[in-house]
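Visitor: structure, please.
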Amino acid sequence: MEEQEKIGPSELLRRWLVKADVVFHIVAAMLLLLACGFILYYAMLNLLHPSLDSIIHLVNDVLLALIILELLWTVIRFLKKQKFMLAPFLAIGIIAAVRRILLIEAQTSFMEHAPVEKLYEIGLSAVVIIILMSAYYLSVKAQRLEQ
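Guide: Okay, here's the model as predicted:
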């Protein structure tokens, strides 16, 4: 009893904010899971009418679902009070850049001549992938040195 009486208003506020933070993370995780389910549902609908365009949308949707699942695992790690990891964010960046390259390639495959801007965007995305992969390699190496 004496211990509770010593708790000041700032400590009570801090505890309430931490609990609210956990609740919001749980809601965010549930919404991410729901969004992923809808995306995969619509991805499967593309299989009902196979065409080049529907396959492109299928790959795009599956990669978007993978991005959302990586974000979900990040939230789950937070809720389990596990150590922050950089690798999932790097993986999200790599998947997003690959997704963008595939989408641009799909869009330009129907054109007679690809616009130069699109080619620059593909090149920039490739550079981003190389940088993110290098960062991933360095983070794994640094993690091994910590252990």
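Visitor: please make it C-alpha for all contacts and neighbour counts, starting now.
Guide: Fine.
Visitor: go through the chain and flag its longest helix.
Guide: helix 9-45 (DSSP state H).
Visitor: just want the angle from the helix or strand just after it to helix 9-45.
Guide: Heading C-terminal from helix 9-45, the first helix or strand you meet, by DSSP states H and E, is helix 52-79. For helix 52-79 against helix 9-45, the angle by axes from the mean of the first three to the mean of the last three C-alpha atoms, to 10 degrees is 160 degrees.
Visitor: list the helices and strands helix 52-79 packs on?
Guide: If you count contacts as 3 or more C-alpha pairs under 8 Å, 6 or more residues apart in numbering; DSSP states H and E, helix 52-79 packs onto helix 9-45, helix 87-109.
Visitor: OK, contacts around the residue nearest the centre of the chain?
Guide: The chain has Ile67 as the residue nearest its centroid, 3.5 Å off, counting by C-alpha atoms, centre = their mean. Taking C-alpha atoms under 8 Å, 6 or more residues apart in numbering, we find Ile67 in contact with 92, 95-96.
Visitor: from the structure, what's the count of residues near Gln143?
Guide: Counted by other C-alpha atoms under 10 Å, the residues lying close to Gln143 total 11.
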